[in-house]
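Visitor: quick one, fold the following:
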Amino acid sequence: MTEASLWSTWPPAPSIDARYAEQQRVRWSQRRPRVLVAHPDHHVRWFVSAALRIDDHHVACARTGPELTGRLAQWMVAGRPADLVLCGPRLSGIAGRELIAGLRRSDWAVPVLGVVGPHDRLHAPELAEADAVFAWPFDPDDLRTAVIALVDRAARTGGRHD
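Guide: Presented below is the predicted three-dimensional model:
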């Protein structure tokens, strides 16, 4: 075998490798829990997102109520809804209580985890109906454990709230 023919066969055809990599990426993305983090405070969104990405959650962030509802609708239309919504008590355009009530009325019941930020203490009762509530500051490991438990519970019960 000549040197020219040896190098012409290596590396393997990129189309086969690319298709395999794409199939693996799609399979993996379908298993990763999707978490939507909606909070007006940038620091809370960053902290929560970083903590959840440690467990390889697919995390998207929203700053306002319209951003949150738009992302929820986008994911629902795509056929891969959020597995958990993490929100603050007051988003511009929607209150935490209204968000939770709307999600509970829908056929698709997603777990809601509330995060009371450093400037939200007076509005904490807005999150009374959430599945769990964390007050700032909190341990990221406790948050990660709660998210995993809520996502697993929702997967076992089909999203129903008992």
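Visitor: element containing the spatially most central residue of the chain, please.
Guide: Nearest to the geometric centre of the chain sits V35, at 0.8 Å (CA atoms, centre = their mean). Assigned by DSSP states H and E, V35 falls within strand 34-38.
Visitor: which other helices and strands contact that strand?
Guide: helix 42-53, strand 58-62, helix 65-77, strand 84-87 (3 or more CB pairs under 8 Å, 6 or more residues apart in numbering; DSSP states H and E). Quick note: C-beta positions are derived from backbone N, CA and C, even for glycine.
Visitor: of all the ones you listed, which one is nearest R156?
Guide: Shortest distance between R156 and those, using CB to CB, is found for strand 84-87: 14.0 Å.
Visitor: so what's R90 up against?
Guide: With contacts defined as CB atoms under 8 Å, 6 or more residues apart in numbering, R90 is in contact with P40, G96, D120, H123, E126.
Visitor: once you drop chain neighbours, what's closest to A154?
Guide: Spatial nearest neighbour of A154, excluding adjacent residues (CB to CB, 6 or more residues apart in numbering): P111 at 5.0 Å.
Visitor: thought the one you found was touching R153?
Guide: Yes. Using CB atoms under 8 Å, P111 is in contact with R153, at 7.1 Å.
Visitor: name the residue in the two with the higher neighbour count.
Guide: More crowded of P111 and R153, by other CB atoms under 10 Å: P111, with 25 against 15.
Visitor: please name the residues that touch that one.
Guide: D83, L84, V85, D131, L150, V151, R153, A154, G159.
Visitor: which of the residues you listed are buried, as a PyMOL select command?
Guide: Buried members of the contacts of P111 can be picked out in PyMOL with the line below, counting by 16 or more other CB atoms under 10 Å:
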select buried, resi 83+84+85+131+150+151+154+159
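Visitor: nearest to L103, of the contacts of P111?
Guide: Closest to L103 out of these is V85 (6.9 Å), distances taken as CB to CB.
Visitor: my guess is that closest one meets R34, correct?
Guide: No. Counting by CB under 8 Å, V85 stays clear of R34, with 9.8 Å between them.
Visitor: just give me the neighbour total for A38.
Guide: 26.
Visitor: can you check S106 too?
Guide: 12.
Visitor: what about it, distance to V147?
Guide: 21 Å (CB to CB, to the nearest Å).
Visitor: before we move on, the earlier item: out of the contacts of R90, which is most surrounded?
Guide: Neighbour-wise, the contacts of R90 (other CB under 10 Å) top out at G96, 28 neighbours.
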